[in-house]
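Novice: quick one: sequence and predicted model below, then my questions.
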Amino acid sequence: MMTKSSYSGYRFPPEIIQQAIWLYVRFTLSFRDVEDLLAERGILVSYETERRWVNHFGPMIAADLRRRRSKPHTIWHLDEVYLKIDGRLVYLWRAVDAEGEVLDVLVQTRLTSAISSSVESTTCASDWRTGEPSSPIESIASSAMRF
């Protein structure tokens, strides 16, 4: 995951730091709950130390996970559903790749002509997560309203 030197200077081994961060993020526990869980296993660490670990190592772990995530397929399709949200009828657009991973979601109150006319002719030629050009739905409806 991360280099051993990034954990140098810390009292606890990297495995304990990573376990505390994983418990906090994965199960949406409070820092005090994580403190109690670690104390049950004989590891005495304060909730404030856990907060510092999450603030320091959390972004690095998240970036590492994003790097290792598989790239979406170049083949995708656009789903359109008309549904009622809070008493209002709205269009829900979802760009879904070949494996069923949702790439982007757009909710709008009305069907614009820009979307309806270009849905059939638009394709995604590049990996939209790299920022070039943009997400599939945004390439179809750049002027649509987002909620």
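Specialist: Sure, I can see it.

Novice: what ranges do the helices span in this protein?
Specialist: For the chain, the helices defined by DSSP state H cover 14-26, 31-40, 47-68, 113-118, 136-140.

Novice: what does the first one rub up against?
Specialist: When contacts are taken as C-beta atoms under 8 Å, 6 or more residues apart in numbering, the neighbours of helix 14-26 outside the stretch itself are 1-2, 4, 7, 10, 29, 31, 34, 37-38, 43, 45, 50, 53-54, 57-58, 61. In this view, the C-beta of every residue, glycine as well, is placed from N, C-alpha and C.

Novice: what's the answer for the longest one, then?
Specialist: Applying C-beta under 8 Å, 6+ apart, the contact partners of helix 47-68 are 1-2, 6, 17-18, 20-21, 24-25, 30-32, 34-35.

Novice: repeat that for 10 Å
Specialist: Contacts to helix 47-68, defined as C-beta atoms under 10 Å, 6 or more residues apart in numbering, come from residues 1-3, 6-7, 10-12, 14, 16-18, 20-25, 29-36, 38, 45-46, 129.
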